[in-house]
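1. everything below, folded, please.
(one chain, ligands or ions: 1)
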Amino acid sequence: MSRLCRVAGCCSPTSSRYSIYCSSHKARLRRHGAVDQKAITKGDLKPYLRLVQDRIQKNEASSLWTQLNARWSALAD
Ligand SMILES: [Zn+2]
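-> Presented below is the predicted three-dimensional model:
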């Protein structure tokens, strides 16, 4: 006897007899930490990247960019 996924609106069978979620919701929970969380794509980030690039171009002489680059390098190391 197969059970149905516990997520509201999902009528798929559970991935195993011990699981409470279907295979797609189980994968979302594993990847993103929540069954209703979808992946963040490059298209989602594109408007924010444009805002940052515009801000950098507007204040190109600011000393903040060298500080941020140094902090990013320290974080990457
Ligand atoms: Zn499901």
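2. number of residues surrounding Ser16?
-> 12 (other Cβ atoms under 10 Å). Bear in mind the C-beta positions are built from the backbone N, C-alpha and C, glycine included.
3. checking it next. Helix, strand or coil?
-> Taking DSSP: H, G, I helix; E, B strand; the rest coil as the rule, one finds Ser16 in the coil state.
4. show me which residues of the protein sit near the ion.
-> Contact residues (Cβ under 5 Å from the ion) of the chain with the ion: Cys5, Val7, Cys10, Ser12, Cys22, His25.
5. now the element after whichever helix in the chain runs longest, going C-ward?
-> In the chain, with assignment by DSSP state H, the single longest helix is helix 42-58. Downstream of helix 42-58, the next assigned helix or strand under DSSP states H and E is helix 64-76.
6. what does that following helix contact?
-> Ile56 (Cβ atoms under 8 Å, 6 or more residues apart in numbering).
7. and the angle for that helix with helix 42-58?
-> Computed with axes from the mean of the first three to the mean of the last three Cα atoms, to 10 degrees, the direction of helix 64-76 lies at 140 degrees from that of helix 42-58.
8. dump the C-alpha coordinates for helix 64-76 into CSV.
-> These are the backbone C-alpha positions of helix 64-76, laid out as CSV (Å, rounded to 0.1, in the frame of the first residue of the first chain):
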residue,chain,number,x,y,z
LEU,A,64,34.8,50.7,-0.2
TRP,A,65,35.5,48.5,-3.2
THR,A,66,39.1,47.8,-2.3
GLN,A,67,38.0,47.0,1.3
LEU,A,68,35.3,44.7,0.0
ASN,A,69,37.8,43.0,-2.4
ALA,A,70,40.2,42.5,0.4
ARG,A,71,37.5,41.0,2.7
TRP,A,72,36.3,38.7,-0.2
SER,A,73,39.9,37.5,-0.8
ALA,A,74,40.3,36.8,3.0
LEU,A,75,37.0,34.9,3.0
ALA,A,76,37.9,32.9,-0.1
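9. buried sites along it?
-> By neighbour count with 16 or more other Cβ atoms under 10 Å, helix 64-76 contains no buried residues.
10. what's the mean pLDDT across it?
-> The average pLDDT for helix 64-76 rounds to 94.
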